[in-house]
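Asker: No sequence on hand, only this structure:
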């Protein structure tokens, strides 16, 4: 099918989905979960083809690992769908209601966005997660996964689509672009008459290319160059586990930190021992000249270090003169994702919380908490690092918009 | 000054504006209003140059009229600023607050977007309105007005900037691009590292060009191809004044209707007399074949009529078989702005309100109420016809985003 016809089907499905009840949507989600169990062998079989091709094409071990669907990951996807059943349906929520001077009753109600285009790279679980979130929030979705996972994605989308339709889902609600031709992405992101939003998930290169070329609005997610700033009044005993957690617990995710900023008045012995502790845990430590003077074994930082999202066991450390210099550094190099200050001083804390421009700002805690599940949103379709529409972890509500409903008795404007 | 330096100044100013108090912002707005009064002769003088140039260049009378700044319009701009003083400041509002399982106190607070790029055509009052709304919501603004109003805009922006800075506004908070070279627009809309949002106001051509080329997120405003659907169960006596109001009261605005859809069971005599009443008021009536069979004097509609925003005393009328056909027509030709059903039947009303995808849906009222002031938002920076971020009339809140603030006591993620 050509992509314009797909998008037209998607828009058609979106009209039906917008008025579908919560009970019906939950039944569809349950049918999808059941089908993923009963037809899992199809998925495993398709996945073996992708994994074999990935190995043959020399994909790194980490990338091949991302591709693999085993029993546990299959269970994870099913559980994800059942979690969505338990989440409250945002569609139809009344945000506010009031009466105009002329007697018209006005209200602002939450409605689905419409047609969501999801462009992602290797992980096939996104196929299921994104479809479930879109469905629960009343949107239709057009999926465009990475070519490495194409067979797995086709099997998953087939199962979701067939099980969904059998349970009452409008046809066209969940569609996968099964042709890996790149021109189709270009077509998808410029069909602004049919597609309401594009959500890219993947590397910065993918996102930059999409933003530059899209005429459909784009929500940018997951750029995470995060910092912790250790203030002169920090509780240094509290600081060590927070820093280690934010860097080491899961270094490959966007809410892990890349750079540590340390006030110049902080005890150099503490810095020296922190660097050692990090190194003992396998972290490659980069430092500014002043940090290197304290811990000479660290690699000297270049300007590029401050602007690199390592996503690995690697950290850059810079000494700063004061909180203003720390905030300037974050303004210059940060991606406005998650930023934390460690301090016992309430004025420094408030200054940082108010003055730092990011989706999540912390005092005395690890940045690792910026996450839809941790925040209590159930799941997340991504973590927005832009300011428009949605900012921070995006749950079901981020996949909705609002409309004004006005009930009159013959009013005209004078 | 080159445009990148302007944008850097703007971002610098935005950091200071974000933490400026409401009282301080109101004092700046008052100082601006006072300066507009005391320095109005500068504006009139500059405006005379623009008006003379417009006439010399053969601008239409309507366009020249839009350019003119007289005492009354000057007063209007001043009053606008003072209305903004009276509006509540959205910045710092706490949208929600809760405690995570681990004891972290989380809240979601409203913050300014940052740097707003405003691209508009002839009306110079936008210079003042947009600057005031941006300032009150804590944003800096880069203004790019039409070249027809360049001298007027320069005078206004000068006065606002000088009076603002003297009253404590950060330099760079209000800036006008005074060079009318088109390449500068292209530069502005692709500086996604410095500019947070672009709001174009003007014709569809301007907006389409900006959406196609921008990498900065864009909010589309004011595309208004609106409909009224007269259901078979409409109160026809109530319908006439509503239709006349929606078409005639101010035909050049986006919330006026362009097309009337009439159920086939509606009394043909009523249709005949409605067409006459509209024609008596100077409205050019276009109709489908079935309408022409009832009122033979109307011009036969072409497919282009259904998709044309006349913005004039002109209306197209189509007979439909039922409410579904009316809703399909609106889905196909509407711009998702404002749509109204006239009916006494509650099921038809609910079906229309739920099923029509638009920023504002009405029952038994004129579409002309879709307006920030009428809705009670004070002013408006435009009426968004897109679904992301803001939909419908955009008041101060639409110029803000949120951030999550998390206050911990040493928490790490396990």
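Answerer: Everything's here; your move. Because the structure is predicted, anything quoted here is derived from the model rather than measured. Residues are numbered from 1 along each chain as shown, chains lettered A, B, ... in the order given.

Asker: Which residue does the stretch 101-250 of chain A have closest to chain B?
Answerer: Nearest to chain B in the stretch 101-250 of chain A, going by CB to the nearest CB, is residue A:245, at a distance of 3.6 Å. In short, each C-beta sits where N, CA and C put it, glycine included.

Asker: Quick check: residues of the stretch 301-414 of chain A near chain B?
Answerer: For the stretch 301-414 of chain A, the contact set with chain B under CB under 8 Å from any CB of the partner chain comprises A:331, A:349, A:353-355, A:357-366, A:368-370, A:374-376, A:386-389, A:391-392, A:401-413.

Asker: same thing but 6 Å
Answerer: Within the stretch 301-414 of chain A, the positions near chain B by CB under 6 Å from any CB of the partner chain are A:353-355, A:360-366, A:368, A:387-389, A:391-392, A:401-402, A:404-413.

Asker: among those residues, which ones are buried?
Answerer: A:353-355, A:360-366, A:368, A:387-389, A:391-392, A:401-402, A:404-408, A:410-413 (16 or more other CB atoms under 10 Å in any protein chain shown).

Asker: Check the secondary structure at residue A:260 for me.
Answerer: strand (DSSP: H, G, I helix; E, B strand; the rest coil).

Asker: Quickly note the distance from it to residue A:226.
Answerer: Applying CB to CB, to the nearest Å, the value for residue A:260 to residue A:226 is 10 Å.

Asker: near chain B, which residues of the stretch 51-200 of chain A?
Answerer: A:104, A:113, A:196-197.

Asker: name the helices or strands packed onto the host helix or strand of residue A:25?
Answerer: With elements taken from DSSP states H and E, the one containing residue A:25 is helix A:22-38. On a contact count with 3 or more CB pairs under 6 Å, 6 or more residues apart in numbering or on different chains; DSSP states H and E, helix A:22-38 meets helix A:71-86, helix A:125-136, helix A:150-166.

Asker: Mind checking what helix or strand follows the second one in sequence?
Answerer: Meaning helix A:125-136. Criterion used, DSSP H and E; the element after helix A:125-136 is strand A:140-144.

Asker: so what secondary structure elements neighbour that following strand?
Answerer: Packing partners of strand A:140-144 (3+ CB pairs under 6 Å, 6+ apart): helix A:3-18, strand A:115-120, helix A:125-136, strand A:174-176.

Asker: Strand partners (parallel or antiparallel) of that strand?
Answerer: Each strand paired with strand A:140-144, and its direction, by DSSP bridges: strand A:115-120 (parallel), strand A:174-176 (parallel).

Asker: Give me the angle between the longest one and helix A:150-166.
Answerer: Okay, so that is strand A:115-120. Relative orientation of strand A:115-120 versus helix A:150-166 (axes from the mean of the first three to the mean of the last three CA atoms, to 10 degrees): 150 degrees.

Asker: In strands, which of the residues of the stretch 51-200 of chain A next to chain B fall?
Answerer: Using DSSP state E, the subset of these located in strands is residue A:197.

Asker: Buried ones in the helix holding residue A:25, by neighbour count?
Answerer: For helix A:22-38, using 16+ other CB under 10 Å, the buried residues are A:25-33, A:35-36.

Asker: neighbouring contacts of that helix?
Answerer: A:78, A:81-82, A:84-85, A:89, A:132, A:135-136, A:159-160, A:163-164, A:167-169 (CB atoms under 6 Å, 6 or more residues apart in numbering or on different chains).

Asker: what angle do that helix and helix A:71-86 make?
Answerer: Using the same axes, to 10 degrees: helix A:22-38 against helix A:71-86 is 170 degrees.

Asker: And the next helix or strand past helix A:22-38?
Answerer: Following helix A:22-38 toward the C-terminus (DSSP H and E): helix A:40-56.

Asker: what helices or strands is whatever helix or strand comes next after that next one leaning on?
Answerer: Counting by DSSP H and E, the next helix or strand C-terminal to helix A:40-56 is helix A:61-67. Helix A:61-67 sits against helix A:40-56, with contacts defined as 3+ CB pairs under 6 Å, 6+ apart.

Asker: contacts for the helix it packs on?
Answerer: A:64, A:67-69, A:74, A:148-149, A:151-152, A:155.

Asker: so which helix or strand takes in residue A:407?
Answerer: If you go by DSSP H and E, residue A:407 is part of strand A:400-411.

Asker: other SSEs contacting that strand?
Answerer: With contacts taken as 3+ CB pairs under 6 Å, 6+ apart, strand A:400-411 sits against strand A:105-112, strand B:360-365.

Asker: Okay, and the beta partners of residue A:226?
Answerer: On the basis of DSSP bridges, residue A:226 is bridged to residue A:257.

Asker: neighbours of it, just the number please.
Answerer: By other CB atoms under 10 Å in any protein chain shown, 27 other residues sit near residue A:226.

Asker: Check residue A:188 too.
Answerer: Counted with other CB under 10 Å, residues neighbouring residue A:188 total 24.
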